[in-house]
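In: curious how this folds, go ahead:
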Amino acid sequence: MSREEVGRDDADHTFAIRQARESDVEPVVDFTRDTWGDRHGDYLPDVFGDMVGTDGPTQHTLVIDVDDGDDVAGVLQCVLLSETEAWAQAMRVNPDYRGYGLSPALSRAAFRWARDSGAVVCRNMVYSWNVAGLGQSRSVGFDPATEFRWLQPEPNADADPALDVTADPDAAWAFWTASDAREHLRGLALDAGESWACSELTRADLADAADRDGLFVVTDGGTRAVSALAYTHDREDDDGETTTLGVYHVAAWADTAALDALTDAVARDAADRGVDATRILIPEGARWVSDAAATRTPVSDEPDFVMAADLTDASLY
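Out: Numbers count the residues shown, from 1 in each chain. Below you'll find the predicted structure:
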């Protein structure tokens, strides 16, 4: 990608958007090291080098270059999750260069790349407490899509579902497509290929989970609940300890009895896989969160928001 000059005319620096390169890793790590330090820190310092090194036809990492290589003022990555869906992530602006009007240009560049690559929608995820991030997303053309929480059943080898659990992808698909969870989530679930990204759940995703013994269909006079394994992920903490996380696409259920059986099935599966903790995407709302509470299943304290930009609107880029 060629350099694109951006920024205000009266800026003290020259800014240009270009594809990230290895020399950008150190400055990006430096200015993101303390992002959200009062919350849980930023994952970007740990992964930005890998992001740059794995760029290719379905992934594009952009930076805002300062004064022809002297510094980096911002970063954003865009990933193709399917032929028509793009995902924007890792949007950061260096605090030293805030106020220059840089983030909109960075978003527009990502939108152009995604649209040129065939995507018709670009989504992102914003923590519900990140008001500045939400405002920035809205200002560049992202609209509200949905909100969710994490259901977090604890791995338990002795968990014994009270209802029958099968692995029928056709039954799972029929239940999912008719569920209020799908309607609320606008068809979205955790993507199987890109960590912490959301894409439309497909019949093929469910069939793939079944092939990996990771599909759970609760039945009781018909299908009553569904969940499916997306992937497992190893992460290392600051002390060098490795935790294995079991990430499940989504959960949908008819009632608390079905949810209870579903979380037992997932808890047993997680233990069998040697997983230390689980995350399952569920809709945000009084019904779903209170169902989790009623079954004594841990759930995240706060929701996350998914935003979506319509890339068929050329005015966005």
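
In: so what are the domain limits for this protein?
Out: 4-136, 153-299 (automatic domain parsing).

In: if you average pLDDT over each of those domains, which is lowest?
Out: Lowest mean pLDDT within those: domain 4-136, a mean of 91.

In: circling back: and the domains of the chain as CSV, adding mean neighbour count and distance to Asp143?
Out: Where you see a C-beta, it was placed from the backbone N, CA and C, and this is true even at glycine. CSV is the format used below for these (neighbours: other CB atoms under 10 Å; distance: least, CB to CB, whole Å):
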stretch, mean neighbour count, distance to Asp143
domain 4-136, 18, 10
domain 153-299, 19, 11
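
In: wait, which of those is closest to Ala309?
Out: With CB to CB as the criterion, Ala309 lies closest to domain 4-136 of the domains of the chain, at 4.7 Å.

In: next, the distance between the ends of that closest one.
Out: Criterion CA to CA, to the nearest Å; first-to-last residue distance in domain 4-136 is 21 Å.

In: also stretch 91-110?
Out: Stretch 91-110: ends 11 Å apart by CA to CA.

In: where does Thr263 land in three-state SS?
Out: Secondary structure, DSSP: H, G, I helix; E, B strand; the rest coil: Thr263 is helix.

In: I figured it was touching Pro298, is that so?
Out: No - with contacts counted by CB atoms under 8 Å, Thr263 stays clear of Pro298, the gap being 9.6 Å.

In: right, and the domains of the chain - which one's nearest Glu147?
Out: Closest approach to Glu147 among these is made by domain 153-299 (4.0 Å; CB to CB).

In: contact partners for Gln285?
Out: One correction, residue 285 is Gly, not Gln. In this structure, Gly285 makes contact with His184, judged by CB atoms under 8 Å, 6 or more residues apart in numbering.

In: distance check, it against Leu190.
Out: 18 Å (CB to CB, to the nearest Å).

In: CA atoms of the helix or strand hosting Val226 as CSV?
Out: Secondary structure from DSSP states H and E places Val226 in strand 223-236. Provided in CSV are the C-alpha atoms of strand 223-236 (Å, rounded to 0.1, in the frame of the first residue of the first chain):
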residue,chain,number,x,y,z
THR,A,223,-34.0,-29.4,20.6
ARG,A,224,-33.7,-27.2,23.6
ALA,A,225,-30.2,-25.7,23.6
VAL,A,226,-27.1,-25.5,21.4
SER,A,227,-23.4,-24.6,21.8
ALA,A,228,-20.3,-25.4,19.8
LEU,A,229,-16.5,-25.2,20.3
ALA,A,230,-14.8,-22.6,18.3
TYR,A,231,-11.2,-23.2,19.4
THR,A,232,-8.8,-23.6,22.4
HIS,A,233,-6.2,-21.0,23.1
ASP,A,234,-3.1,-21.0,25.3
ARG,A,235,-2.1,-17.8,26.9
GLU,A,236,0.9,-16.9,29.1
